[in-house]
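# Need a 3D model of the sequence below.
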Amino acid sequence: MAQTAIISRRALENLDKTVYTPRKEILKARSLFGSHKVAPGTKMYTYQTMTARGAARVLANRGTDIPLVDADMQEASQKIITFALGANYSLDEVQQANLAGVNLDATQAAAINQGMADFEDKLVFNGNDDAGIPGMINFPGIQNFKLNTAFSDGKGNTNDPKVLLNELKDAKQQITQLTGYADVKPVLALPQAAYDALDVPYNDYQPTTLIQLLQSRGWFSQITVVNELSGADSKKDMAMIFDNSSVTAEILDAQPLTRQQTEYRNMTYTIPYSEQCGGLICRVPEAFVKVTGI
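Alright, predicted model coming up:
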């Protein structure tokens with residue numbers, strides 16, 4: 001085992017540090033949603049959501065027909081899965097990298113970062129059918145809104161800006177007209193092509209883009225690109241409008257990205273990293289609007 005010294009302890013430690021640092025800049029889902037933490041090893045998380053309905057009315061003198069609030073309590077359960085990715089070093093690769101002056105740690109860490117980030121974003125936004133975990137776009141109970149006018153025509157030209165703005169306002173109101181959500185400024189998430197279609201001047205006389213007009217009107221807390229929405233509606237692009245407060249939805253976390261024990265076999269070192277996550281828990285599905293026909 002004297003050969004193990006070819007890979008220095010510092011090299012292994014550097015990889016560990018590199019993996020933890022840049023992930024926060026890569027993950028789109030975690031820039032939009034907060035985290036709800038449960039104990040590591042948890043396999044299932046159960047929570048309750050409640051919708052309350054009721055309207056007061058005038059009560060006649062000595063009247064007894066007092067209206068009652070109807071509270072609907074529902075229980076939902078979400079699985080938590082473990083996913084993993086590892087860095088692999090052979091003794092020969094380390095020697096060649098040292099001779100070539102290649103930072104093998106940074107190369108492997110970047111690959112781990114990207115792979116874990118891609119999986120987690122897809123889990124949050126699209127869900128995982130194999131694990132039975134729904135995503136933001138297909139959570140039971142979300143609202144649906146179909147645009148009458150697509151963002152662009154068949155030639156890639158942006159359609160009537162005024163019509164598009166009014167339709168997006170109508171879609172947003174699906175949330176702000178909910179009880180308790182009147183003052184909420186939801187997030188508008190778009191695939192890249194739809195964002196680009198709105199990132200054009202309003203007209204020949206007004207250089208302000210549609211994106212800038214939407215931002216100036218304050219309808220949305222942010223307008224952002226989510227690549228997972230591309231082709232997500234039966235291979236067609238779609239958008240999402242949603243409230244991202246912690247009361248409405250959070251990412252279910254059991255174990256953050258964690259370095260596991262280094263494995264040595266056949267003159268090769270494998271450094272595995274794993275994470276336990278249940279995707280998105282959605283306590284108020286009505287505060288999510290799936291926008292199609294874009």
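# Quick test: name the residue nearest the centre of the protein.
With distances taken as Cα atoms, centre = their mean, Ala29 lies nearest the centre of the chain, 3.1 Å away.
# That one and Ala117, how far apart?
From Ala29 across to Ala117, the span is 9 Å (Cβ to Cβ, to the nearest Å). The C-beta positions use only the backbone N, C-alpha and C, and glycine is treated the same way.
# and what of Ser230?
For Ser230, the distance to Ala117 - Cβ to Cβ - is 17 Å.
# Lys263 and Ala87 touch, don't they?
That one is not Lys; residue 263 is Glu. No. With contact defined as Cβ atoms under 8 Å, Glu263 does not count as touching Ala87 (10.9 Å).
# quick one: secondary structure of Lys172?
At Lys172 the chain is in helix, as set by DSSP: H, G, I helix; E, B strand; the rest coil.
# Next up, the contacts around Ser274.
The neighbours of Ser274, taking Cβ atoms under 8 Å, 6 or more residues apart in numbering as the test, are 82-84, 255, 257-258, 260.
# 7 Å instead?
By Cβ atoms under 7 Å, 6 or more residues apart in numbering, the contact set of Ser274 is 82-84, 258, 260.
# What remains of those residues if I keep only buried residues?
Among these, those buried by neighbour count (16 or more other Cβ atoms under 10 Å) are 83-84.
# Could you export the contacts of Ser274 as TSV, including distance to Lys169, pLDDT and secondary structure?
Shown next, in TSV, are these (distance: Cβ to Cβ, whole Å; pLDDT from 0 to 100; DSSP: H, G, I helix; E, B strand; the rest coil):
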residue	distance to Lys169	pLDDT	secondary structure
Thr82	42	96	strand
Phe83	39	96	strand
Ala84	44	95	strand
Thr258	44	88	strand
Gln260	49	87	coil
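# Comparing Glu263 and Ala87, which shows the higher neighbour count?
Neighbour totals were compared for Glu263 and Ala87, and Ala87 leads with 23 against 12 (other Cβ atoms under 10 Å).
# tell me which element the more buried one falls in.
Using DSSP states H and E, Ala87 sits in strand 81-90.
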